[in-house]
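Engineer: no sequence for this one, just the structure:
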């Protein structure tokens, strides 16, 4: 699946994410990954961190090696892989995020968007089954957001589960098939983007707005256009809805 965790700043998204591969340990309760309980000994953590990769909101919290190449190689090296396999994974991961040719660069010389891509490459090099991204578009320019969205869809098509936290509601309908809403550490709603954004009481409780496209059509309805309760969420849906309205009139 490709799912979104929605919530305002401070809702608990990052705290939850950091428990998904044992960076944080819950004070009570258990974490289950693929039906298997997460344990906190060194061997178990290595196993689960290979399965679940987390990309932090701030790449400076994740990138620490002197060069891009060494940083992306860190995870595979800890898996005990051969140097040849590690090198293959580094090259493949950097190519996937558009950072080939930056292998010898010092990370602190990169832009924010480039650092984000290196952080993602470091996770891809581990070949995870699940990728968790905390506010992945933070600090990216508009083209960077588009590029990231395309990359995540490609990874999802290849079988990687993608879990994203965000409070940028306009992005959610473009990639998420399912949405979870978090308020003060509690899950208050779950459903498709259409189901969630059709519930103003949920959005109000979570201090979230509808996507700007949806807001436009809600305003059109207040001006007398008959939307039949079906509000578009994306640009493509808006185009189809406009054509439908024009044909009616």
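Structural biologist: Ah, there it is. From a predicted model like this one, the values you see are computed outputs, not experimental measurements. Residues are numbered from 1 along each chain as shown.

Engineer: From here on, just use CA atoms for contacts and neighbour counts.
Structural biologist: Will do.

Engineer: Which parts of the chain are strands?
Structural biologist: Assigned by DSSP state E, the strands in the chain fall at 2-6, 32-33, 36-37, 52-55, 130-134, 161-166, 178-183, 186-191.

Engineer: Same list (those) but as a markdown table, adding mean neighbour count.
Structural biologist: Output for those, formatted as a markdown table (neighbours: other Cα atoms under 10 Å):
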| stretch | mean neighbour count |
| --- | --- |
| strand 2-6 | 24 |
| strand 32-33 | 12 |
| strand 36-37 | 10 |
| strand 52-55 | 24 |
| strand 130-134 | 22 |
| strand 161-166 | 22 |
| strand 178-183 | 22 |
| strand 186-191 | 14 |
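
Engineer: Could you dump those strands into JSON lines and include mean pLDDT?
Structural biologist: Formatted as JSON lines, those follow (pLDDT from 0 to 100):
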{"stretch": "strand 2-6", "mean pLDDT": "94"}
{"stretch": "strand 32-33", "mean pLDDT": "93"}
{"stretch": "strand 36-37", "mean pLDDT": "94"}
{"stretch": "strand 52-55", "mean pLDDT": "94"}
{"stretch": "strand 130-134", "mean pLDDT": "94"}
{"stretch": "strand 161-166", "mean pLDDT": "93"}
{"stretch": "strand 178-183", "mean pLDDT": "95"}
{"stretch": "strand 186-191", "mean pLDDT": "96"}
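
Engineer: would you list those strands in TSV and tack on distance to residue 215?
Structural biologist: Formatted as TSV, the strands of the chain follow (distance: least, Cα to Cα, whole Å):
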stretch	distance to residue 215
strand 2-6	18
strand 32-33	37
strand 36-37	42
strand 52-55	31
strand 130-134	26
strand 161-166	19
strand 178-183	19
strand 186-191	20
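
Engineer: Show me the one of those that comes nearest residue 240.
Structural biologist: strand 178-183 (22.3 Å; Cα to Cα).

Engineer: tell me how far that closest one is from the chain's mean position?
Structural biologist: Centre-to-centre, strand 178-183 and its host chain are 13 Å apart (Cα atoms, centre = their mean, to the nearest Å).

Engineer: burial count for residue 218?
Structural biologist: The number of residues packed near residue 218 is 19, by other Cα atoms under 10 Å.

Engineer: residue contacts, the residue nearest to it when sequence neighbours are not counted?
Structural biologist: Excluding the flanking residues, the one nearest residue 218 by Cα to Cα, 6 or more residues apart in numbering is residue 231, at 7.1 Å. For residue 231, the contact set (Cα atoms under 8 Å, 6 or more residues apart in numbering) comprises 214, 217, 218.

Engineer: could you dump the residues you listed to a markdown table with distance to residue 111?
Structural biologist: Compiled in a markdown table, the contacts of residue 231 are given as follows (distance: Cα to Cα, whole Å):
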| residue | distance to residue 111 |
| --- | --- |
| 214 | 33 |
| 217 | 37 |
| 218 | 39 |
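
Engineer: quick one: which of those residues is nearest to residue 132?
Structural biologist: Distance to residue 132 across the contacts of residue 231 (Cα to Cα) is lowest for residue 214, with 27.1 Å.

Engineer: Now do residue 100 against residue 92, distance only.
Structural biologist: Separation of residue 100 from residue 92 (Cα to Cα, to the nearest Å): 9 Å.

Engineer: of those two, who's got more company?
Structural biologist: Neighbours of residue 100 and residue 92, each counted by other Cα under 10 Å, are more numerous for residue 92; the result is 17 against 14.

Engineer: Can you report how many residues lie near the residue nearest to residue 210 when sequence neighbours are not counted?
Structural biologist: Excluding its sequence neighbours, the residue lying closest to residue 210 (Cα to Cα, 6+ apart) is residue 197, at 5.9 Å. The number of residues packed near residue 197 is 22, by other Cα under 10 Å.
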